[in-house]
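[1] Sequence isn't available, so here's the structure alone:
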């Protein structure tokens with residue numbers, strides 16, 4: 001019950017969301033980041049764009065995304081989406097879409113959509 005009980009008392013349970021059941025590490029985004037929506041499959045340095053395979057939820061122009069990987073961690077607004085070289089406004093689960101990115105990303109980086117966008 002004292003300071004020796006890891007995670008059972010004190011301030012530890014207050015880290016993260018009680019509803020999610022998993023504590024967040026420093027630097028993680030709390031309830032505004034409900035979960036992943038996709039995975040980066042390719043990056044095209046010359047175009048500053050990547051291909052994202054969506055596995056959950058829609059992604060729309062104007063959404064704010066968070067891209068995280070071993071050496072990647074940044075946020076940006078989606079200004080343009082493309083499918084088969086045609087501009088689109090919304091992509092759905094199962095789609096592979098092109099997204100212009102402001103920084104280098106790598107295959108297997110995880111893409112999150114912020115809940116407030």
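    Received it, and whenever you're ready, just let me know what you need. Only a predicted model underlies this, so the values are computations on that prediction, with no experimental measurement involved. Numbers count the residues shown, from 1 in each chain.
[2] where exactly do the strands run in the protein?
    36-44, 49-54, 59-60, 64-68, 73-77, 81-83, 86-88, 90-91, 96-100, 110-113 (DSSP state E).
[3] Give me the mean pLDDT for the fifth one.
    Think strand 73-77. Strand 73-77 shows a mean pLDDT of 96.
[4] That strand relative to strand 96-100, how many degrees between them?
    Here strand 73-77 runs at an angle of 90 degrees relative to strand 96-100 (axes from the mean of the first three to the mean of the last three Cα atoms, to 10 degrees).
[5] quick one: strand 73-77 to strand 64-68, angle?
    160 degrees.
[6] Partner strands of strand 73-77 and their direction?
    Using DSSP bridges, strand 73-77 pairs in its sheet with strand 64-68 (antiparallel).
[7] Next: the longest one.
    Take DSSP bridges as the rule and strand 36-44 pairs in its sheet with strand 49-54 (antiparallel), strand 110-113 (antiparallel).
[8] So what touches the shortest one?
    Contact partners of strand 110-113, identified using Cβ atoms under 8 Å, 6 or more residues apart in numbering, comprise 29, 33, 35-40, 52, 57, 59, 63-69. (Each C-beta comes from the backbone N, C-alpha and C, glycine too.)
[9] and these, which are buried?
    By neighbour count, with 16 or more other Cβ atoms under 10 Å, these hold 33, 36-40, 52, 57, 59, 63-68 as buried.
[10] beta partners of the closest residue to residue 39 other than its chain neighbours?
    Nearest-residue entry for residue 39: residue 53, 5.3 Å, with adjacent residues in sequence omitted and distances by Cβ to Cβ, 6 or more residues apart in numbering. Beta-bridge pairing of residue 53 under DSSP bridges involves residue 39, residue 96.
[11] pLDDT score assigned to residue 53?
    Looking at residue 53, its pLDDT is 97.
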